[in-house]
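**Student:** return a 3D structure for these sequence lines:
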Amino acid sequence: MKNIVVVGTQWGDEGKGKVVDLIAPHFDIVARYQGGHNAGHTVIVRGEKFVLHLLPSGIVHAGKRCVIGNGVVIDPTALLSEMDELAARGIDFTGRLHISNRAHIILPHHLALERTSEQRRGIRQVGTTLRGIGPAYEDKIGRRGLRAGDLLHPERLKRQLEEIIGEANDILQMRGAEPIALAATVDDLLGKASRIAPFVTDTALWLNREMSAGKSVLFEGAQGTMLDIDHGTYPYVTSSSGTAGGATVGTGVPPTAITGVLGIMKAYTTRVGSGPFPTELTDATGERLRARGHEYGASTGRPRRCGWFDGVVARYARMINGLTTVALMKLDVLDDFETIDICTGYRLHGEVLDAIPHDAEDLEAVEPIYETLPGWQSSTVGLTDFAQLPTNARRYIARLEALVGCDIGLVSTGPDRHDTILRADSQLAGWLT
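**Tutor:** Below is the predicted model of the structure:
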């Protein structure tokens, strides 16, 4: 049995989509366990680009069964738009997509509440994508949310919406914002519910039965460890559990069913939105990384903040997630750098730290401690054999392994699924045989 969690180890955008797409053929089921349509997984298949926001990356594989778990929040408009786009490109969902009846629904008032909340924060804005993700999770925890299973019961749905939107409009009115039109919201959601309902089921029950029958599952997270609501750079985080532990809560499978954790990390570091970022480069070098790595958000198009590899963050992610092995992405972006810095620790008020301070203001104030390695200034694009890598590229990878405390089993050398080095002696290679 192999049930593997794929998790981002930095601030998201590490390249999880490519890895899931690459290894999905070796699993029976791909299950998404948290987040909303603020996540963007880019997959390139035979030169064709797919940008997925809610649907698991395995959906582009014909016949692969996919799950949107109970830990995900779903915007019905975004979901149906994504499904329609993929259907127009030949993707068939029949019998392949299963949506948890316990997954919560994003409603129009969630977007309105998030906009007003961010406006009220002023310079302390979190930098969300303003897609209603956070308020939907707030309603979930506040026990006033609407779930996918409710879409199957139109009369109950109307009663619930009347109560939910009435309460939300009271808040919007206090903030001086336009209220949400109840009748239009009910009509719109009922129309979308009829299209979504055939895919809604008890996915926890279905997944556990499939695993008991010997089926393997690839659990796919969104965002990254440093955006986890509990373990990230709070409050500049997402609203769900993006670490490996979220896979069990977000799908309803027991922890004992998980047999490994694959961490995805870039050969450098990026972040979108506000919040501390110790190795950020705001100079020409940062812009050079952004340009070479095409670092713009898949969901929003926002330019990503770029910086050197942060070994402190990587070690923390290895500990929190219990990483078994690592996939190192975008090594080729570093190909033309003369020298490459790696952050090995922090200095805060004169004290050397080898761990991440819990306080965002302290993390904002740290000074990264760097060591400098020579670059290789030779193209690695498209290489598929580790021995073909330049000597200094192999040394760089070895240094990262030592810092993280985990083997690097996969190295990405380009955006296509074939631009990949799978190390034959790695744990990851063992999973895929």
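**Student:** would you map the strands across the stretch 251-400 of the chain?
**Tutor:** Secondary structure of the stretch 251-400 of the chain (DSSP state E, counting those that start in this stretch): strands at 260-266, 269-271, 305-307, 309-310, 325-329, 339-348, 351-353, 367-374.
**Student:** could you list the low-confidence segments of the stretch 151-300 of the chain?
**Tutor:** Low-confidence segments of the stretch 151-300 of the chain, defined by pLDDT under 70, span residues 298-300.
**Student:** how about the strands of the stretch 251-400 of the chain in a markdown table, adding distance to Lys192?
**Tutor:** C-beta coordinates here come from the backbone N, C-alpha and C atoms, glycine included. As requested, those are exported to a markdown table (distance: least, Cβ to Cβ, whole Å):
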| stretch | distance to Lys192 |
| --- | --- |
| strand 260-266 | 32 |
| strand 269-271 | 33 |
| strand 305-307 | 35 |
| strand 309-310 | 41 |
| strand 325-329 | 35 |
| strand 339-348 | 46 |
| strand 351-353 | 49 |
| strand 367-374 | 47 |
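**Student:** burial of Ile29, as a residue count?
**Tutor:** For Ile29, the count of nearby residues is 24 (other Cβ atoms under 10 Å).
**Student:** contacting residues around it?
**Tutor:** Applying Cβ atoms under 8 Å, 6 or more residues apart in numbering to Ile29 gives the contacts 58, 64-67, 207, 210, 215-218.
**Student:** hmm, try it at 7 Å
**Tutor:** Listed by Cβ atoms under 7 Å, 6 or more residues apart in numbering, the contact set of Ile29 reads 65, 67, 210, 215, 217.
**Student:** of these, which pair is most distant in space?
**Tutor:** Val67 and Lys215 (11.5 Å; Cβ to Cβ).
**Student:** which one's more surrounded, those two?
**Tutor:** Neighbours per residue (other Cβ under 10 Å) separate Val67 from Lys215, with Val67 holding more: 29 against 15.
**Student:** could you look up the SS state of the more buried one?
**Tutor:** Following DSSP: H, G, I helix; E, B strand; the rest coil, Val67 is assigned to strand.
**Student:** and it, bridged to which residues?
**Tutor:** Residues in a beta bridge with Val67, per DSSP bridges, are Ala31, His98.
**Student:** for it, give its distance to Leu205.
**Tutor:** 11 Å (Cβ to Cβ, to the nearest Å).
**Student:** before we move on, what about Pro179?
**Tutor:** When Cβ to Cβ is the yardstick, Pro179 and Leu205 sit 39 Å from each other.
**Student:** got it, and Asn38?
**Tutor:** For Asn38, the distance to Leu205 equals 28 Å [Cβ to Cβ].
**Student:** packing partners for the longest helix along the chain?
**Tutor:** Identified as the longest helix of the chain according to DSSP state H is helix 154-174. If you count contacts as 3 or more Cβ pairs under 7 Å, 6 or more residues apart in numbering; DSSP states H and E, helix 154-174 packs onto helix 108-121, helix 182-196.
**Student:** ok, which of these comes nearest His231?
**Tutor:** helix 108-121 (22.3 Å).
**Student:** what packs against the closest one?
**Tutor:** So helix 108-121, by 3+ Cβ pairs under 7 Å, 6+ apart, packs with helix 133-141, helix 154-174.
**Student:** quick one, the shortest one and helix 154-174 angle?
**Tutor:** For helix 133-141 against helix 154-174, the angle by axes from the mean of the first three to the mean of the last three Cα atoms, to 10 degrees is 120 degrees.
**Student:** in contact with the nearest residue to Ala327 once chain neighbours are set aside, which residues?
**Tutor:** In space, and not counting its chain neighbours, Ala327 is closest to Leu410: 4.0 Å by Cβ to Cβ, 6 or more residues apart in numbering. Residues counted as contacts of Leu410 (Cβ under 7 Å, 6+ apart) are 327-328, 420-422, 428.
**Student:** check Glu401 too.
**Tutor:** 407-408.
**Student:** following the one helix or strand it maps to, which helix or strand shows up next?
**Tutor:** Glu401 belongs to helix 391-404 when elements are defined using DSSP states H and E. Note on helix 391-404: by DSSP H and E, the next helix or strand toward the C-terminus is strand 408-412.
**Student:** picking up where we left off before, and Pro179 and Leu205? Which one has more around it.
**Tutor:** Each of Pro179 and Leu205 has its neighbours counted (other Cβ under 10 Å); Pro179 has more, 15 against 12.
**Student:** residues contacting Arg65?
**Tutor:** Arg65 neighbours (Cβ under 7 Å, 6+ apart): 28-29, 96.
**Student:** one more pass at 6 Å, please.
**Tutor:** Neighbour list for Arg65: 29, 96 [criterion: Cβ atoms under 6 Å, 6 or more residues apart in numbering].
**Student:** how far away from the center of its chain is stretch 170-182?
**Tutor:** Relative to its chain's centre, stretch 170-182 lies at 31 Å (Cα atoms, centre = their mean, to the nearest Å).
**Student:** quick one: contacts of it?
**Tutor:** With Cβ under 6 Å, 6+ apart, stretch 170-182 has contacts from 108-109, 112, 116, 165, 169.
**Student:** how does it look with 10 Å?
**Tutor:** 107-113, 115-117, 119-120, 135, 158, 161-162, 164-166, 168-169, 187-188 (Cβ atoms under 10 Å, 6 or more residues apart in numbering).
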